[in-house]
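Asks: how would this look folded up:
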Amino acid sequence: MAIDTSPSSRATRNAWLVLAALTAALLLAVWFRPLESLFRQSATSHPGVGQPVPNVVLTPLTADASPINVAELSGSVVLVNFWGSYCTPCVKEMPKIVAAHEKFASRGYETVAVAVRHDNPHRVAAFAAKRGLPFRITLDSSGEAAKEFGNVRITPTSFLIDRQGRVLRRYVGEHDWVALHEIVERELAR
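Replies: Predicted coordinates:
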């Protein structure tokens, strides 16, 4: 079998290669654009440090519990943790959240775990029961709480809130628990 190496054949082949490269670049740009927006959250898209928490009412996991208005938790230092029972990093950090809660709860520290809208309420309930989670578990079935907290899209994402209802820190993903404990200690001492 002979390969055509004439100039017109090479030009056609080069044109096809350029077209294929442009198509691939376009497809990558279209595919990566949603991923880029998923991981990009501007400084103004969430309650920033020093800003008040949004006035969000959270739905408790159990029907016999009262709804929780995050803005009304002032007076306590609060960790609001957006998580999913299917999220490996969330499950991995849950014992650390429990440990912080147990260490500080008697001194005015509260923990509110917000299961994100993609999570199954039955799975969340089973997870909480199996692990004996000692703090309030809520469901964000509509996604409204995540939206009000700045379109939280990555789990785990946590907000540490001071006694005046202002954001002290925002944590995305795994973070330094020793530093968090130091901040909580300092805030509880005020």
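Asks: what's the mean pLDDT across stretch 157-164?
Replies: Average pLDDT, stretch 157-164: 96.
Asks: then stretch 167-187?
Replies: 95.
Asks: contacts for that stretch?
Replies: 46-53, 77, 89, 92-93, 96, 100, 103-104, 109, 154, 156-163 (CB atoms under 8 Å, 6 or more residues apart in numbering). Heads up, the C-betas are built off the backbone N, CA and C, glycines and all.
Asks: how is the chain divided into domains?
Replies: Recorded structural domains for the chain (assignment: automatic domain parsing) are 1-40, 57-189.
Asks: the contacts of stretch 167-187 in strands, which ones?
Replies: Using DSSP state E, 77, 109, 157, 158, 159, 160, 161 are the members of those that sit in strands.
Asks: stretch 147-157: end-to-end distance?
Replies: End-to-end distance for stretch 147-157: 13 Å, by CA to CA, to the nearest Å.
Asks: mean pLDDT lowest where, among the domains of the chain?
Replies: Among the domains of the chain, domain 1-40 carries the lowest mean pLDDT (a mean of 59).
Asks: list the contacts of the residue nearest to residue 83 when sequence neighbours are not counted.
Replies: Leaving out its chain neighbours, the residue that sits closest to residue 83 by CB to CB, 6 or more residues apart in numbering is residue 90, at 3.9 Å. Residue 90 is in contact with 83, 84, 155, 156, counting by CB under 8 Å, 6+ apart.
Asks: against residue 146, how distant is the second one?
Replies: If I follow you right, that is residue 84. 11 Å (CB to CB, to the nearest Å).
Asks: quick one, strands of the protein?
Replies: Counting by DSSP E, the chain has strands at residues 57-60, 68-69, 77-83, 109-115, 136-139, 157-161, 167-172.
Asks: now mean neighbour count and distance to residue 13 too, for those strands, in CSV please.
Replies: Formatted as CSV, the strands of the chain follow (neighbours: other CB atoms under 10 Å; distance: least, CB to CB, whole Å):
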stretch, mean neighbour count, distance to residue 13
strand 57-60, 17, 61
strand 68-69, 16, 65
strand 77-83, 24, 52
strand 109-115, 25, 55
strand 136-139, 22, 58
strand 157-161, 24, 50
strand 167-172, 18, 47
